[in-house]
Each structure stands twice: as structure tokens, then as C-alpha cells.
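In: build me a model from this:
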Amino acid sequence: MAPIVKNILHAGQKYVPITDGSKAHFHFQTWKLGKERTLIDDSKKIGKQEPMVLVIGHKFKLEVWETIVKMMAVGEVASFTVQKELVYSYPFVSKTLRELGQEQHKVKHSCTMTLHTEGIGYADLDDLISNPCDLEFIIELLKVEKSDEYEKELWQLNIEERLKLVPELKEKGNKYYIEKQYDEAEDCYARALAILEQLMIRERKKDDEWISLNSLRLPILLNYAQCKLLKEDYYAVIEHCNTVLEHDKDNVKALYRRGRAHVGAWNPEEAEKDFLRVKELCPTLQPGINNELENIRSLRKEKADKDRDALRRIFDKERDAT
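Out: Model (predicted):
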């Protein structure tokens, strides 16, 4: 018997060559074969209850699925009987897929000792590990995207492609910001920062390459901090501006945004220091900074009045009690 036996259940519309980097979207059912045919998994009912998305050529744990989808046309539904030697890893793949989208699930280690004593947490999968058998996959191939037809995820990109993506994400974020689509802008900046920070980890701090990457990071970090400021996430703004000021202590944008965040977090002394430093570095901003300083004075007076009224009420309550 051949290692994989295909049986077409429903003919597809068209055949699309599936090459490395292509994305195959498909629903699947997994059946255990033996004395009885037993359903193990159905992608419409487990995990996120969404189609499986497989990026071809990226060494997915269950390699036989790559072989299977390459044999199919888009829209086709087919059954594949696969010998047990090709599906030993299926229980571990199944566990991962079942737990996708679950906010909380018990994480089990998969070392050899744990497998023998506790299994992987699902009785049917534990049985499949102990008693391997042939499996049948019923696959419905929904869609195939070539590598140039979709936006690649970060893990699919090499270093050169990641670096090329950084200015594109920054520009895209700036466009969203101008259009007041702040969530989308923040997401673009966050993705660009993630790329740069991953690349910086590979370099020695203060080496030329690290310094070059950091110079790309700081302006994006400032943009990201501005999005956080609009969301009134003041402590995040302070943290990100601190990072910028570690490397550029007189950065006016970082000082100003940190000052605004200190006001929001009610750190008036720190806010005042930042605004006075901005005023010193950039006299043309003096009118706006004077307004910020006057606002701090007004807020201080307002807070003092509230504190005084609260104390008065406490004393009045104690006097009435006596």
C-alpha cells in the first residue's frame, strides 16, 4: 500500500501550483483508522474554529500536510489515508491546534518522562501516542495565496526584508496618524519597533550596527509614544520618552511629550522640569510652554483647594460627632 492514498470526494475549480512561501488555507477532519473509524479533530470545531493556514516550505511539524495540499486543486475536497509512520507527530500538532485561542489552558511539558507519566492532557491523543495507527485526513482546500500575494509575517522575512519593511511601516503609520486613525498608526509603529528590537538583540550594544538600528528606532518610538499619549497611557509615554532621552538627552519632542505625560500622571514637579528644559532649548516654543506651566499652576491650586475642602469636611464631621 502506498504511504498516501488519495480519494477525491468533490472536484475543485482550478489547480494553482503551490510553491515554497505559498499560503494554503484549508479545513480538515482527522479520522483514526482501525477496527472502528473514529473522528479525532474537526477544524470547524476545535481551537479558533477557523481554517488551517499552512505556509509551504517552513518545516511545519506535520510535513505530510504539505505533500497533501500540493496534490489538490482549489475548492477540492479529498480524503487522504496516511500510513502511521508519517503521522507520529500528529498528537502534538493536534494539542496545539485545540488550544489555539484559549486564554487559559494548562501548559504541559512534553519531555519523555512527562509523556510516560502524564501524557499531553488529552486521552484520545495520549492513546494515539501509545498506539500509533494510520490516519485519514479529509481536506477542503479553500484558497492558495502565492508568496507575493499576501503580507508576510515577520518570522517569514530575512534580515534584509525586515529592514526594508521598517521605513514602510513608519510611513504607513504616519499616514494613519494624519488621518486620525490612531490605533492603526500605533500598530504600524509597534511592528516596526518589534523588528528593530529583535535585530538589536543580535548586536553588541554600542557597536556600529546597534547604533545604526537604534537611530532608526528612536524617532519611531517617539511617534509610538505620541499615540500612547493620545490614549492617556501616561506611564507608557514616560517609559518610552525615558528611552529616547537616554540616548538623546536634549530631544525636545521627548521632553515635551514626557512633560505632558507627567501632567496626566500628576507628577507636577517632573512635568515642570521637562517644560522648563524645552523652553530653554527651544525659545520659539515659549508661548505654548508658558501655557503648560500656567496649567500646572492652576491644577496645583485646584488640587490644594480640593485637599483643603476634604480636610475641612473631616474636621467638621469629627466636631459634629463630639
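In: got any ranges where the protein has weak pLDDT?
Out: Counting by pLDDT under 70, the chain shows low-confidence ranges at 102-118, 149-156, 307, 309, 315-322.
In: so which residues of it form helices?
Out: For the chain, the helices defined by DSSP state H occupy 63-69, 90-99, 112-117, 123-130, 159-178, 182-201, 208-230, 234-247, 252-264, 268-281, 286-321.
In: can you put those helices in JSON lines and add mean neighbour count and distance to residue 31?
Out: To be clear about C-beta, it is placed using only N, CA and C from the backbone, and glycine gets the same treatment. Shown next, in JSON lines, are the helices of the chain (neighbours: other Cβ atoms under 10 Å; distance: least, Cβ to Cβ, whole Å):
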{"stretch": "helix 63-69", "mean neighbour count": "19", "distance to residue 31": "14"}
{"stretch": "helix 90-99", "mean neighbour count": "18", "distance to residue 31": "11"}
{"stretch": "helix 112-117", "mean neighbour count": "10", "distance to residue 31": "23"}
{"stretch": "helix 123-130", "mean neighbour count": "15", "distance to residue 31": "12"}
{"stretch": "helix 159-178", "mean neighbour count": "15", "distance to residue 31": "40"}
{"stretch": "helix 182-201", "mean neighbour count": "18", "distance to residue 31": "40"}
{"stretch": "helix 208-230", "mean neighbour count": "19", "distance to residue 31": "48"}
{"stretch": "helix 234-247", "mean neighbour count": "18", "distance to residue 31": "49"}
{"stretch": "helix 252-264", "mean neighbour count": "22", "distance to residue 31": "57"}
{"stretch": "helix 268-281", "mean neighbour count": "18", "distance to residue 31": "64"}
{"stretch": "helix 286-321", "mean neighbour count": "11", "distance to residue 31": "68"}
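In: minimum distance to residue 24: which of the ones you listed has it?
Out: Smallest distance to residue 24 across the helices of the chain (Cβ to Cβ): 4.4 Å, for helix 63-69.
In: what lies in contact with the closest one?
Out: By Cβ atoms under 8 Å, 6 or more residues apart in numbering, the residues outside helix 63-69 that reach it are 4, 6, 18, 24, 26, 52, 54, 56-57, 60, 80, 82, 86-87, 137, 139, 141.
In: do the same with stretch 20-33
Out: If you take Cβ under 8 Å, 6+ apart as the criterion, stretch 20-33 is touched by 18, 37-44, 51-57, 69, 81, 90, 94, 124, 128, 133-147, 150, 156.
In: now swap in stretch 302-311 and tell me
Out: By Cβ under 8 Å, 6+ apart, the surrounding residues in contact with stretch 302-311 are residue 266.
In: tell me how far the residue lying closest to residue 232 once chain neighbours are set aside lies from residue 294.
Out: Of all residues not flanking residue 232 in the chain, residue 264 sits nearest, at 5.9 Å (Cβ to Cβ, 6 or more residues apart in numbering). Using Cβ to Cβ, to the nearest Å, one gets 17 Å for the distance from residue 264 to residue 294.
In: circling back: just the buried residues of the contacts of stretch 20-33.
Out: 18, 40-41, 43, 51-52, 54-56, 69, 81, 90, 94, 128, 134-141, 144-145, 156 (16 or more other Cβ atoms under 10 Å).
In: so which of those sit within strands?
Out: Per DSSP state E, strands hold the following members of those: 40-41, 52, 54-55, 81, 135-141, 144-145.
In: closest to residue 160 out of these?
Out: Closest to residue 160, out of all of those and judged by Cβ to Cβ, is residue 55, at 19.0 Å.
In: any residues touching stretch 122-137, and which ones?
Out: With Cβ under 8 Å, 6+ apart, stretch 122-137 has contacts from 28-34, 37-38, 40, 65, 68, 79-84, 87-88, 90-91, 94-95, 98, 115, 119-120.
In: again, but for stretch 246-264
Out: Contacts with stretch 246-264, where a contact means Cβ under 8 Å, 6+ apart, come from 214, 218, 222, 225-226, 229, 232, 234-235, 237-238, 241-242, 244-245, 268, 270-275, 277-278, 281-282, 285, 292, 295-296, 299.
In: C-alpha coordinates for that stretch, PDB please?
Out: Extracted in PDB, the C-alpha atoms of stretch 246-264 (Å, rounded to 0.1, in the frame of the first residue of the first chain):
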ATOM      1  CA  GLU A 246      18.900  58.100  27.500                       C
ATOM      2  CA  HIS A 247      20.400  58.400  24.000                       C
ATOM      3  CA  ASP A 248      19.400  62.000  23.200                       C
ATOM      4  CA  LYS A 249      19.100  63.900  26.500                       C
ATOM      5  CA  ASP A 250      18.000  67.200  24.800                       C
ATOM      6  CA  ASN A 251      15.400  65.700  22.500                       C
ATOM      7  CA  VAL A 252      12.700  68.400  22.600                       C
ATOM      8  CA  LYS A 253       9.800  66.100  21.400                       C
ATOM      9  CA  ALA A 254      10.700  63.500  24.100                       C
ATOM     10  CA  LEU A 255      10.900  66.200  26.800                       C
ATOM     11  CA  TYR A 256       7.600  67.800  25.800                       C
ATOM     12  CA  ARG A 257       5.700  64.500  25.500                       C
ATOM     13  CA  ARG A 258       7.100  63.300  28.800                       C
ATOM     14  CA  GLY A 259       6.100  66.600  30.400                       C
ATOM     15  CA  ARG A 260       2.500  66.200  29.100                       C
ATOM     16  CA  ALA A 261       2.500  62.600  30.400                       C
ATOM     17  CA  HIS A 262       3.800  63.700  33.800                       C
ATOM     18  CA  VAL A 263       0.900  66.200  34.000                       C
ATOM     19  CA  GLY A 264      -1.600  63.400  33.200                       C
END
